[in-house]
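Chemist: coordinates only, sequence not included:
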Ligand SMILES: Nc1ncnc2c1ncn2[C@@H]1O[C@H](COP(=O)(O)OP(=O)(O)OP(=O)(O)O)[C@@H](O)[C@H]1O
């Protein structure tokens, strides 16, 4: 609709909306024009102050160029606050890091703004999995900036803060402080942070539960009884800390032969699903033991970013996690 302004300039409401949309994107909510005044509402939830100021300046500039004499700019922060999803396991080597990286990438593919924190101080592997090895985060206002990965998921790892091997000696408060630096970083628009915890139930997990309160936890296990017993311990830790368990994932279930594609079950299959059922927990899905997952992960190509059947396994788990999260909010 075109409005005749007091100074004789006509402002087309749709044209103004388009011009402001160029600089504000989906943060532009309402645009109303009356005489030479435009009333504009922006959604600024999750933006840091500096970014909010930049957005405001850009919108004011665009409105002035579009002929607006008096701009009344309102801001709301409706965007839901950031949540943490912790990924834990009872023991090492069950594929917790692989699952965390692929879950983050899959959540991003499903349209969410996702970040990844690698809190595994004893063996940080996320920089390799998401191709950010050797990068050092920059600091601003006493906080560090996450490192963008090629898969749309910004990330921070203990491996970005220290030289390889150095973190092993960390205990107690030092490990907790390092975790704090990774979580309280400049995450900007990120709405979900996936945290890859170290295996077991040590200092980092306790800090995570007491200081950073995840919205929920995903527990990864292989199908064998022993791994499942360890997983039960990890579940107990989260339950004690009053962190809800989103569900269990069974990894390395069923071996897909790289030559003939036939499936066999070296570690058994279905153990984690049965254990989840016994404990009254949701089962989020199963990822097969597949050489392609190992090969691609080691090469920094998370399978969840591609179109293979493995990608679908991770996407399906991510859908279940989102359904849980959205049902909760
Ligand atoms: N489904 C799978 N199929 C084949 N290989 C896998 C699968 N899941 C994980 N792996 C491989 O198993 C190894 C261990 O996986 P990963 O590092 O994710 O485990 P983790 O539980 O995080 O171990 P840690 O606690 O020691 O960091 C890696 O080499 C990884 O590529």
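Modeler: Thanks, I have it. Keep in mind it's a predicted model, so treat the numbers as computed, not measured.

Chemist: Tell me where the model's unsure across the protein.
Modeler: When residues are selected by pLDDT under 70, those of the chain lie in 1-9, 78-80, 164-173, 225-227, 255, 264-270, 329.

Chemist: hey, where'd the helices end up in it?
Modeler: Assigned by DSSP state H, the chain shows helices spanning 13-24, 49-65, 96-109, 126-129, 158-161, 172-183, 203-207, 225-240, 271-279, 291-298, 309-328.

Chemist: Pick the most deeply packed of those.
Modeler: Of all these, helix 96-109 has the most neighbours on average by mean count of other C-beta atoms under 10 Å, namely a mean of 27. For every residue, glycine as well, the C-beta is placed using N, CA and C.

Chemist: that older thread, right, and the helices of the chain - which one's nearest residue 136?
Modeler: Each of the helices of the chain has some distance to residue 136 by C-beta to C-beta; the shortest is helix 158-161, at 6.3 Å.

Chemist: How is this structure partitioned into domains?
Modeler: Per automatic domain parsing, the structural domains of the chain span 13-76, 83-328.

Chemist: buried sites along the longest strand along the chain?
Modeler: As assigned by DSSP state E, the longest strand anywhere in the chain is strand 245-256. Using 16 or more other C-beta atoms under 10 Å as the test for burial, strand 245-256 gives 245-256.

Chemist: Quick one: the residues you listed as JSON lines, columns for distance to the ligand too.
Modeler: Formatted as JSON lines, these follow (distance: C-beta to the nearest ligand atom, whole Å):
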{"residue": "245", "distance to the ligand": "17"}
{"residue": "246", "distance to the ligand": "17"}
{"residue": "247", "distance to the ligand": "17"}
{"residue": "248", "distance to the ligand": "14"}
{"residue": "249", "distance to the ligand": "10"}
{"residue": "250", "distance to the ligand": "10"}
{"residue": "251", "distance to the ligand": "5"}
{"residue": "252", "distance to the ligand": "5"}
{"residue": "253", "distance to the ligand": "8"}
{"residue": "254", "distance to the ligand": "9"}
{"residue": "255", "distance to the ligand": "8"}
{"residue": "256", "distance to the ligand": "9"}
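
Chemist: Alright, calling it a day.
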